[in-house]
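Student: here you go, sequence then predicted model.
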Amino acid sequence: MQPQRDPGQLLALTRLSVTASTADSLIADVLAPLRGLARAAAIAVVARSADGPVVRAAEGLPLPVDDLMAPAERGALRPIDLPAAWSAAGVVEARALLLPGHVGALVLAWATAPEAEDRALLDAAISVVDGALARLDAEERLADLVARVDSAQHLAGMGDYDWHIATDTNRWSDQLFRIYGYEPQSFSGTYERFLSHIHPDDRERIQGIHQRAYATGEPYQMIERIVRPDGEIRYLSSNGEVITDPDGVPVRMRGTCIDITERVLAEQETERAAERFRGLVESSPEAILVLDSGRTILQGNGKAAALLGADPAGHTLDEIMPPASWASGGRGARARSLDGRPLVLDVSSAELTESSHEGRTAVFLEDASPRLEREAMATRLGESQQRRRQALEINDNVVQGLTSAVYSLEQEDLRTASSFIERTLAAARDMMDDLLEPSGEELHPGDLVRSSAAQLNDVVPREHATGPTGAPGDARHRVLIVDDADDIRTLLRMKLTREEKFEVVGEAADGLAAVEKARELQPGLVLLDMAMPLMDGLQALPLIREAVPGVRVIVLSGFNQGTLEKEALAAGADRYIVKGGSMRELVDEIEKVLRVA
């Protein structure tokens, strides 16, 4: 049955459109009046869903919408294809319009073709409803935008303001009220009300910033303190702009405020912590450097500047200590001061873990010289004590051995006395090897230079110390005796001069004199000691060979073969003989060397 048109329906529909607060309530209220004005068999609002078209609201003939092709774009009310079920139900024409927002499509169906007069009235009514739905959609979108902005401002601790200068009214966002310590929209914010919340010490400065902006029209930025109703002080970072009318007269000032209290307080605490740290660093008895992650020195205390010869800030640690020195573990690291002095440093470091010092390292420097000197002194003291013990042992062993030999000689037991002497000499040489062994170093030329010549009280009568010198032209071997022990030289000369084969042409008590005597006397054989003053045997040996080409050199030393024989032979000796053997054996060895020559 076709509804009857009521002229008052358009007016009622207009009232409903103006007073509606939601799209759903408007749709529910206007479908019946619209159907009456259109004299349609059915009217419905059809929305899209994941399962296909669905009916949100309907009046009149119930029609299925499964096969309905509603418009997907906004436009005027226009004809649509009739689903087969609609034609079977007697519908001859259908029109549809996509409504604003997310409401859906308005669909009307007629059992008889609508008249032109009905179309004009229907278009006017639909225009009213469409406008009302567009308004409600805009209001919904605006409310959603305001809610999202308020949420964003709340999360960001930010509010905004808009001050109308002429009326002295200031619109604040909800979050700005909260920042100032009030419930949203709890008062009307005049400029004086705003100033009353500014900290007294900041008030004059803030007024000056606003006055300059008003006079110049330029944007402004400022940081101000506000005082909340409970007395709490908050820090705000604000910016704003001046809005002018067409004549350039300022009419509004608007902008945003961000609550930066936590950041400011954190910065203040960081600065206090940094100041405390600087105080601790400066008062430290150690030299301290603070490095960034790139090993650049950010700070150094007075002790560091004194140690390094200049303020180290801005330099890199590598300028003071090359990586190779740093890699040595930090103790006794080789370094160079900023004024060029060589340094030896003990170095330690610690990562600074406070957030304000993240990525920084504290490096502690200490002049290692006093420590090294103490350690060297302790080492020398230990070595001195060890040498003292060894000297006592050597002295005791030698004295006991020689005493036993003397007692045997007094009993005229030459064989036993000789045995005691040989064992005493062997023990003395072994103890000398033991003294040299801890160093682990080989002996080199110059190591055996003595501070003074070996000397005992005279035991050999001087009147018997010399023998026949032989006449010029004798075929005897010319011998130079070199030993810093005067008694040994005397005994050797006495023994050799009794042999018709040898002529002792000279003596020397140190290596330097040995070289000069060899050059002067041109001997055929040199008996050479090792440990002597001024120049030791290892130093003198090659110089003697250079001074006397073809000379034979026999080293006669108090050191065991294992200690010096290799070095002596390498330096040019023909034979290495350990002191302490019999004179007869020595003469035999000399003759062997000369026969080879």
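Tutor: All right, it came through fine. Numbering: from 1, shown residues only.
Student: and residue 170, what helix or strand is that in?
Tutor: Taking DSSP states H and E as the definition, residue 170 sits inside strand 169-172.
Student: hey, which helix or strand in this protein has the poorest pLDDT?
Tutor: When the helices and strands of the chain are compared on mean pLDDT, DSSP states H and E, helix 323-326 comes out lowest with a mean of 62.
Student: tell me the helix or strand right after it.
Tutor: Assigned by DSSP H and E, the successor of helix 323-326 is strand 333-336.
Student: I'd like the next helix or strand past that following strand.
Tutor: Scanning onward from strand 333-336 (DSSP H and E), the first element met is strand 342-351.
Student: how is the protein partitioned into domains?
Tutor: 8-143, 158-259, 285-367, 373-439, 449-596 (automatic domain parsing).
Student: sec struct for residue 299, please.
Tutor: Following DSSP: H, G, I helix; E, B strand; the rest coil, residue 299 is assigned to strand.
Student: same question for residue 162.
Tutor: Secondary structure of residue 162, per three-state DSSP, is strand.
Student: look up how far residue 192 lies from it.
Tutor: Distance, residue 162 to residue 192, using Cβ to Cβ, to the nearest Å: 17 Å. Where C-beta positions appear, they are placed from N, C-alpha and C, glycine not excepted.
Student: who's more crowded, these two?
Tutor: residue 162 (16 against 8; other Cβ atoms under 10 Å).
Student: how close does that one get to residue 251?
Tutor: Taking Cβ to Cβ, one finds residue 162 at 11 Å from residue 251.
Student: quick one, which of the domains of the chain gets closest to residue 266.
Tutor: Residue 266 sits nearest to domain 285-367 of all the domains of the chain, at 8.7 Å, using Cβ to Cβ.
Student: centre of the chain versus that closest one, how much separation?
Tutor: 13 Å (Cα atoms, centre = their mean, to the nearest Å).
Student: quick revisit: quick one: closest of the domains of the chain to residue 270.
Tutor: domain 285-367 (4.2 Å).
Student: tell me the pLDDT at the nearest residue to residue 548 once chain neighbours are set aside?
Tutor: Nearest residue to residue 548 in three dimensions, chain neighbours excluded: residue 518, at 5.0 Å (Cβ to Cβ, 6 or more residues apart in numbering). Residue 518 carries a pLDDT value of 95.
Student: quick one: neighbours of residue 518, just the number.
Tutor: 25.
Student: check which element follows the helix or strand encompassing it along the chain.
Tutor: Element membership for residue 518 (DSSP H and E) is helix 511-521. Sequence-wise, the next helix or strand downstream of helix 511-521 (DSSP H and E) is strand 525-528.
Student: so which residues make contact with that following strand?
Tutor: 477-483, 492, 502, 514, 518, 537, 540-541, 544, 548, 551-556, 573, 590, 593-594 (Cβ atoms under 8 Å, 6 or more residues apart in numbering).
Student: list the ones among these that fall in strands.
Tutor: 477-482, 502, 552-556 (DSSP state E).
Student: of those, just say which sits nearest to residue 215.
Tutor: Relative to residue 215, and with distances defined as Cβ to Cβ, the nearest of the ones in strands among the contacts of strand 525-528 is residue 555, at 107.5 Å.
Student: contact partners for that closest one?
Tutor: Contacts of residue 555 (Cβ under 8 Å, 6+ apart): 528-530, 537, 541, 564, 568, 573, 575-577.
Student: in the stretch 251-400 of the chain, where is pLDDT below threshold?
Tutor: Scanning the stretch 251-400 of the chain for pLDDT under 70 picks out 277, 324-329, 353-359, 387-388, 390-400.
Student: please redo it, this time with the cut-off set to 90
Tutor: 255-256, 258, 263, 266-309, 312-313, 316-338, 340, 343-400 (pLDDT under 90).
Student: tell me where it has helices.
Tutor: 261-283, 302-308, 317-320, 323-326, 369-410 (DSSP state H, counting those that start in this stretch).
Student: quick check, residue 583 in contact with residue 493.
Tutor: No: the pair residue 583 / residue 493 is not scored as a contact, 11.5 Å apart, by Cβ atoms under 8 Å.
Student: returning to what we had before: what's downstream of the strand holding residue 170, the next helix or strand?
Tutor: Past strand 169-172, the next helix or strand by DSSP H and E is helix 174-179.
Student: that following helix packs against which elements?
Tutor: Judged by 3 or more Cβ pairs under 8 Å, 6 or more residues apart in numbering; DSSP states H and E, the packing partners of helix 174-179 are helix 116-156, strand 158-164, strand 250-259.
Student: just the CA trace of it, in CSV.
Tutor: Provided in CSV are the C-alpha atoms of helix 174-179 (Å, rounded to 0.1, in the frame of the first residue of the first chain):
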residue,chain,number,x,y,z
ASP,A,174,42.5,20.4,28.7
GLN,A,175,46.1,19.3,29.1
LEU,A,176,47.2,22.9,29.6
PHE,A,177,44.8,23.1,32.6
ARG,A,178,46.3,19.9,33.9
ILE,A,179,49.8,21.2,33.5
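Student: alright, calling it a day.
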